[in-house]
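In: Build me a structure from this.
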Amino acid sequence: MQSHYDAQLKDTVRYLGKTLGETIKAQLGTDWLAKIEKIRLDGRASYKGDNDCSTSLKETFRTMSDSELLVVARAFAQFLNLGNIAEQEYNAGLNVEASIDSLFAHLDKAELSALEVEQAVAKLDIDLVLTAHPTEVFRRTLIHKHKELAICLKSIHHEELTDAERKRLEIRIADLISQAWHTEEIRSVRPTPVDEARWGFSVIENSLWEAVPEFLRDLDERLQQDYNVRLPIDAAPIHFSSWMGGDRDGNPFVTAKVTEEVLLLARRRAAKLLTIDLDRLQVELSMNACNGKLKAAVGEQLEPYRAILRPLVKRCADTRDGISDFFNGRPYDSSAWLQDNDELLEPLMLCYQSLCESGLEGTANGYLLDTIRRVKCFGIHLLRLDVRQDSQRHADVLAEVTRYLGLGDYGQWSEADKQSFLLRELSSKRPLFPRNWQPSADVQEVLDTCKVIANHSRHGFGIYIISMASEASDVMAVQLLLQEMGVDWPMPVAPLFETLDDLNNSPTVMRKLLSVDWYRGYIQGKQFVMIGYSDSAKDAGAIAAGWAQYESQEALVALAEEFDVTLTLFHGRGGTIGRGGLPAHAAIHSQPPGSLDGGFRVTEQGETIRYKFGMPLLAKRSLGIYTSAIIEAMLFPPPAPKDEWRQLMKDMAAKGRDFYRGVVRQDPEFVPYFRVATPEQELGKLPLGSRPAKRKPTGGIESLRAIPWIFAWAQTRLVLPAWLGSMRAIDAVRKEGNEDTLKEMLQNWPFFKSRLSMLDMVFQKADPRISEEYDSRLVPSELKHFGEALRAELKESIALLLEITGQKTIMESDPTGRESMNIRAAYLEPLHYLQIELLSRIRQLAEDEHDANLDKAMMVAISGIAIGMRNTG
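Out: Below you'll find the predicted structure:
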């Protein structure tokens, strides 16, 4: 069966490619199509090792004009996009329930009791946090066309189609591909934070709104079938939060005004969707049989369900329209808006109980139950908005006000003095900020943000995250600012530990915090801590960062147990390996025992949101993978590492850190090589997301955000940050006589196995041959040796991984994943050679000179390669 699907996927890719070719021929003529087809064939042969075809590609691009290069870049970027859409549709068509089937097979084999399964399901708390780091390179209008195309592909694979139906679908597919070809694929301006938030809302409306209740229905049916256990009616095992419009760390465009706008837009979108749902329910629930409670609520009515639903529809519509009036400057009455989920849940639950007691369980468990579950999952706020800010911004507020009050400079105080001041002010009855004080603009912005939190419902917010948190005072400072601005509920405040030092110091910081009586009273037994993956990997390399993340989580779990606090670890993973990205199942099983006891919270970033949740079937599949992995990890937790495993891992981490930093931080040739060998400088021009590429415009590598850092290396296929130093460190400890211990760790410790699995995936995407092509054209002769040494280590690392894992080829254990990359690699080949030509031309221009065609072709090539690699940053 699998081979049939593989053949179907390849056939679909060929069919879409041919249809795109027809579109290009219709616009540009037969000669252009022949030219692109020749490039495609040369690319495929070049990928398979034909040097003559590689030379042909270089020569073809060298003789093309800038505008011709743009056409080729567009053609291959769209080829790759269509291939991804075909693969998404193919994956969605696979057994959506595969992960749940696997979970229940595992549960059955373990002979668990119904009570044990029920308790595990009751503890499920999955919080998926949608973020818009600059990774989604495509415009929303194209994302819509791609979704329509996926729907057509799903339909065309039905064997029972008539010839006329098939013809209509083929015409529609050709039309959508033509629309995409004639549409500007790259944004001409950066999206605003509000644009990003709207994109997130669209993912919920177009996919998750349908997928979540369907997934919960499937899970409920399996629980009943296998264990006679029901998912509670009002269960909310899955919910969604967002950083879009709330994450202001290093993003000057996310202001208090933007945050308020995003909160209201989310409420309006929720009200719009709920109006549709409730209106449909009102149509369906036409029956008059009801219980006494419902009758008491509505009086003697012929259609009691409609009587109770009618005002709900009006209230949702009033909310939707009232928020529109607010934005359009018209009079509005916010008291008519929905204020609380219970306004919907209580009457809906009343309807549910009444239908069940009236012998209409089938109706109760139909669309009504779906609506109840949507209200529980999304609610009247659609999702919960997190707020993130750098710790220094909070310290600056307190420094400015203490100087104004003549108390000294908070920023210069010792940690002990800061804490005693904060505790004194937190317990004080008088306000800290004088009425006539005029703060600076930056300080006012921080205070305005806290004021927005005070002015809106607590249910619209998630948590407040402090980046670069290194002391207990960093957390207490936020709590004081929130209190001073009128926030009268204990908003969870989470320190984000992201550098290697911060991760290693996190248990000490949290112990100091949890030792403060006032603080323990404030958190009410619930603590959030965010673990940063991307910055720690950029700081110390993948293997050292991975071990620091594991040890810090392990220590924090023990600390929470000691202080009798429920700890929720929030994982700030990206989509790429270099930023902590792993398949969900492997990532969850590689965490320390006990780390899921307080729930599971993780970022879903940029383009990975589209790949995992962009269509309802894909979303159901992804939700199933998360749910099954978490239930399994709770019921069958991974082993705690043996002492000798731990010591060996510690040695590998230290060696890996030193090898990595020896290259990235200490070698004076590294930065000059990075600047010329990758398109890092050109990336800054790509209007990817609302955040600047650097935290500080004048900074070097250390100030470059993790996303462009990873993105730049992925473009040249060296994918350096994800592997540098890792296999050298493993080999070093192996040569010290630890081969048997390493084998034992690989077989019995999910954490260590996941490190090697990550490298397996990285090495499938890496291609030293392509990296060498960039160097030969772009790197000056005095730096060429640097790239040669890196590629030599890459090749040695690949050979070592195969030897240790016993594989003959990379990704031998995942042939589908390997084939997926191979299908795209032949289309990627021409784009790499084209990008090298573009970089060479751009760098020959004078510093103040710009060529619109070159710039645009470079943007298309960069995004095309990102699409082909299936990730950006």
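In: next SSE after the host helix or strand of Cys351?
Out: Assigned by DSSP states H and E, Cys351 belongs to helix 342-357. As assigned by DSSP H and E, the chain's next helix or strand after helix 342-357 is helix 361-363.
In: What is the burial count for Glu59?
Out: By other C-beta atoms under 10 Å, the residues close to Glu59 number 12. Placement of C-beta: from N, CA and C, glycine included.
In: do the same with Ser46
Out: Ser46 has 25 neighbours, counted by other C-beta under 10 Å.
In: quick one, helices of the stretch 251-400 of the chain?
Out: Along the stretch 251-400 of the chain, counting by DSSP state H, counting those that start in this stretch, helices occupy 256-284, 292-298, 304-327, 342-357, 361-363, 369-377, 391-404.
In: Dump those helices into JSON lines; add mean pLDDT and distance to Gln438 as well.
Out: Output for the helices of the stretch 251-400 of the chain, formatted as JSON lines (pLDDT from 0 to 100; distance: least, C-beta to C-beta, whole Å):
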{"stretch": "helix 256-284", "mean pLDDT": "98", "distance to Gln438": "17"}
{"stretch": "helix 292-298", "mean pLDDT": "96", "distance to Gln438": "54"}
{"stretch": "helix 304-327", "mean pLDDT": "97", "distance to Gln438": "29"}
{"stretch": "helix 342-357", "mean pLDDT": "98", "distance to Gln438": "41"}
{"stretch": "helix 361-363", "mean pLDDT": "96", "distance to Gln438": "62"}
{"stretch": "helix 369-377", "mean pLDDT": "97", "distance to Gln438": "44"}
{"stretch": "helix 391-404", "mean pLDDT": "98", "distance to Gln438": "9"}
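In: Could you say which one of the ones you listed comes nearest to Leu107?
Out: Judged by C-beta to C-beta, the one of those that comes nearest to Leu107 is helix 369-377, at 22.8 Å.
In: Mean confidence (pLDDT) on stretch 424-434, please.
Out: Per-residue pLDDT values over stretch 424-434 give a mean of 95.
In: related to what we said a few turns ago, the helix holding Cys351 packs against which elements?
Out: In terms of contacts (3 or more C-beta pairs under 8 Å, 6 or more residues apart in numbering; DSSP states H and E), helix 342-357 is packed against helix 292-298, helix 304-327, helix 369-377.
In: and among those, the most buried is which?
Out: Ranked by mean neighbour count, these are led by helix 369-377 with a mean of 21 (mean count of other C-beta atoms under 10 Å).
In: what sits up against it?
Out: Contact with helix 369-377 is made by 209, 212-214, 216-217, 233-236, 238-240, 273-274, 277-278, 281, 341, 344-345, 348-349, 352, as judged by C-beta atoms under 8 Å, 6 or more residues apart in numbering.
In: Can you flag the buried ones in the residues you listed?
Out: 209, 212-214, 216-217, 233, 235-236, 238-240, 273-274, 277-278, 281, 341, 344-345, 348-349, 352 (16 or more other C-beta atoms under 10 Å).
In: Report the buried residues of the helix or strand where Asn91 lies.
Out: Taking DSSP H and E as the definition, one finds Asn91 inside helix 66-93. Across helix 66-93, burial judged by 16+ other C-beta under 10 Å covers 66, 68-92.
In: same check, this time on stretch 425-432
Out: Quick answer for stretch 425-432 (16+ other C-beta under 10 Å): Glu425, Leu426, Leu432.
In: Leu759 touches Leu801, doesn't it?
Out: Yes - when contacts are counted by C-beta atoms under 8 Å, Leu759 is listed as touching Leu801 (5.6 Å).
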